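Participant: need the 3D shape of this:
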Amino acid sequence: MSRTVTPDVTADAMGNRGVQVFATPFVLALLEDAAGRRLDSSAR
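Facilitator: Have a look, this model is predicted:
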């Protein structure tokens, strides 16, 4: 699983002007998605 960091998912885009890093809400969403995929695959 991977995610390319684009300008729309940076801290700058979330309102923290000048901070060009992957914004925390998007990091958490990525982790939640990965966990969900793991649970789905182990339920089979």
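Participant: can you pull out the low-pLDDT segments for the chain?
Facilitator: Along the chain, segments meeting pLDDT under 70 span 44.
Participant: now with 80?
Facilitator: 42-44 (pLDDT under 80).
Participant: tell me where it has helices.
Facilitator: Here the chain has its helices, by DSSP state H, at 24-42.
Participant: end to end, how far does stretch 6-18 reach?
Facilitator: With Cα to Cα, to the nearest Å applied, stretch 6-18 spans 14 Å between its terminal residues.
Participant: from the rest of the structure, what touches stretch 33-44?
Facilitator: residue 1 (Cβ atoms under 8 Å, 6 or more residues apart in numbering). In this view, the C-beta of every residue, glycine as well, is placed from N, C-alpha and C.
Participant: what's the answer for stretch 17-31, then?
Facilitator: Counting by Cβ under 8 Å, 6+ apart, 1, 3, 5, 9-14, 16 sit against stretch 17-31.
Participant: neighbours around the residue nearest to residue 3 when sequence neighbours are not counted, how many?
Facilitator: Excluding the flanking residues, the one nearest residue 3 by Cβ to Cβ, 6 or more residues apart in numbering is residue 30, at 5.4 Å. Neighbour count of residue 30, defined by other Cβ atoms under 10 Å: 15.
Participant: state the distance from residue 5 to residue 32.
Facilitator: Applying Cβ to Cβ, to the nearest Å, the value for residue 5 to residue 32 is 17 Å.
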